[in-house]
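>>> using only what follows, build the 3D model:
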Amino acid sequence: MAEVPKAKAPRAASPNPAGPGRKMSDEDRREVIDTLKSKRLVIPEEGLKRIAEHKYVAGVYTPMDNVMNEYVWTPMSEYIPKGLAPNTITVSGLVIQILGYCVVAWYCPDFRSAAPRLAYLFAAFTVWAYQTLDALDGKQARRTGSSSPLGQLFDHGCDSVVLIFLSMLMGMSLHLGFSVRCVSLIGCMLLPFWVCQWTEYHTHSLPTNVAGLIGVTEAQFGSIMVCLANVYDTGFWNYQVGGSMPAWWCGHETCPIELSDYIVWINQLILVFSCSQCLFSVLSTVKRKGAAIIQMLPTFMIAGVGYAWCVMVSHAHPRLVFFTLGVKFSHISCQMIVAAMAHTEYPVFQWHLLPLPLIFVITSLGLLPRHEEVMLGSYAAISMYTFWKWIQDVIEEISQYIGIKTFTLGPRERPTASKDK
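You can find the predicted model right below:
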């Protein structure tokens, strides 16, 4: 199911962003800035000041959110040890979701093969586990008085990474193969997330659902049902309902219409509604409408390369292609999250995306047939390192500036010149 950010009580609404019992003074922050400038400064000083003052404004809960909050998430939150940091809960959910993907991906290198039924059962559990931990981290932050803007970055940043693996898991669970319908499903799960972050950047309010009815909770339950249908019958989504689809849709040869196609079409419909809702909200708010639209170019460039790869390259490695595209998507999504909190300019020109279309052209023309996967794999590895290094620097700057620890509770010690040396 297409995903949009879930309505949550704000993790960034703590009255004391420096942590319980301590408030960063101007002198403290001046020393932090001086220390960071001696290394590098990814976020401008004024941006860090705005992040420290940032207040997260989310949309309304969906009916399913209300039910889960009352009967599941709130009761469960009472059993979490108070010494456990919210960001630790967030990252734990991310790791669990990656494991769910890996178990199924081991058996489905072509996105068409079937995995053992227990693999799909485990995958369904990991989706539920991430959903639950993703809801509990904010409750833990408020219980411990440790809410901060860093929590929002962790929360939504982990969501963007999870979407890489969850969208690929859904493509495998629906047995879509390396095809336009597969990249369409993946795009329907990724694009609304970025568009919602883009909307927050311009309107300072994050849309969390479509028409107050469909949000992340509903989408996650849909994903769970997709996995569980394979537990019942691994061929369930391949059930033919009559008619046929063209080769460009199916993956280089015609195919009958299957139940999985209906899931893709439903997600495309949700994508249109969610993106239209965000587009209307932004265009009715901003003055420089053209500049706002241009910010979409990197995202749609990634989507365009994905579609072209499926149509023009029949011998590609699906997991590697989709993972590489997903890493780039997550990187630019996190850039938008930080830009929205810091009120800084979102970089339209993304230099790290430049090799992607070049590798596609080399692959589609067969210029280096023995080295295609090596090139793409190397680019994926470099992309992971670039993303990791960027997010590591951003986390360090935010956590030091607002004076909190990342994975443990409590304030940081006040920086001193002797310690810096």
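
>>> how many neighbours does the closest residue to Gln350 other than its chain neighbours have?
Nearest residue to Gln350, sequence neighbours excluded (Cβ to Cβ, 6 or more residues apart in numbering): Pro298, at 4.7 Å. For the C-beta atoms, the positions are set from N, CA and C on the backbone; glycine is no exception. Neighbours of Pro298 under the rule other Cβ atoms under 10 Å: 23.

>>> and the residue positioned nearest the centre of the chain, what is it in contact with?
Nearest to the mean C-alpha position of the chain, counting by Cα atoms, centre = their mean, stands Ser160 at 0.9 Å. Contact partners of Ser160, counting by Cβ atoms under 8 Å, 6 or more residues apart in numbering, are 193, 329-330, 333-334, 337.

>>> now those as a markdown table including secondary structure and pLDDT?
Conversion of the contacts of Ser160 to a markdown table gives the following (DSSP: H, G, I helix; E, B strand; the rest coil; pLDDT from 0 to 100):
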| residue | secondary structure | pLDDT |
| --- | --- | --- |
| Phe193 | helix | 93 |
| Phe329 | helix | 95 |
| Ser330 | helix | 95 |
| Ser333 | helix | 95 |
| Cys334 | helix | 94 |
| Ile337 | helix | 93 |
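
>>> for the chain, which helix or strand comes out least confident on mean pLDDT?
helix 417-420 (a mean of 41; mean pLDDT, DSSP states H and E).

>>> can you pull out the low-pLDDT segments for the chain?
Filtered on pLDDT under 70, the chain yields the residue ranges 1-30, 34, 36-40, 57-59, 410, 412-421.

>>> just the buried positions in the lengthiest helix in it, please.
The single longest helix within the chain, with elements called by DSSP state H, is helix 372-402. Using 16 or more other Cβ atoms under 10 Å as the test for burial, helix 372-402 gives 372, 376, 379-380, 383, 387, 390-391, 393-395, 397-402.

>>> do you know how far Met384 is from Phe178?
21 Å (Cβ to Cβ, to the nearest Å).

>>> now do the same end-to-end measure for stretch 251-262.
One end of stretch 251-262 sits 17 Å from the other (Cα to Cα, to the nearest Å).

>>> residues in contact with it?
Against stretch 251-262 from outside (Cβ under 8 Å, 6+ apart): 174-182, 236-247, 249, 310, 314.

>>> what subset of those is buried?
Buried among these by 16+ other Cβ under 10 Å: 174-182, 236-238, 245, 249, 310.

>>> biggest separation within those, which pair?
Phe236 and Cys310 (23.5 Å; Cβ to Cβ).

>>> residues contacting Leu376?
Counted by Cβ under 8 Å, 6+ apart, Leu376 has contacts 317, 320-321, 324, 359, 363.

>>> got CSV for those residues, with neighbour count and distance to Met64 too?
Listed next are the contacts of Leu376 as CSV, based on neighbours: other Cβ atoms under 10 Å; distance: Cβ to Cβ, whole Å:
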residue, neighbour count, distance to Met64
His317, 17, 37
Leu320, 16, 35
Val321, 23, 33
Thr324, 25, 33
Ile359, 20, 41
Thr363, 22, 42
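
>>> from those residues, pick the one nearest Glu78.
Thr324 (41.7 Å).

>>> right, and that closest one touches Ile382 too?
No: applying Cβ atoms under 8 Å as the test, Thr324 and Ile382 come out as separate, 10.1 Å apart.

>>> for the stretch 251-400 of the chain, which segments are assigned as helices?
259-283, 289-294, 297-312, 318-342, 355-365, 372-402 (DSSP state H, counting those that start in this stretch).

>>> now render those helices as CSV, adding distance to Glu46.
Output for those, formatted as CSV (distance: least, Cβ to Cβ, whole Å):
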stretch, distance to Glu46
helix 259-283, 23
helix 289-294, 20
helix 297-312, 24
helix 318-342, 8
helix 355-365, 32
helix 372-402, 12
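
>>> distance from the chain centre to stretch 83-101, please.
14 Å (Cα atoms, centre = their mean, to the nearest Å).

>>> run through who's touching it.
11, 80, 122-127, 129-130, 132-134, 136-138, 140-141, 144, 146-147, 150-151, 154-155, 158, 161-162, 165-166, 168-169, 405-409.

>>> got a PyMOL select line for the buried ones in the residues you listed?
Remark: buried members of the contacts of stretch 83-101, expressed as a PyMOL selection using 16+ other Cβ under 10 Å:
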select buried, resi 11+80+122+123+124+125+126+127+129+130+132+133+134+136+137+138+140+141+144+146+147+150+151+154+155+158+161+162+165+166+168+169+405+406+409
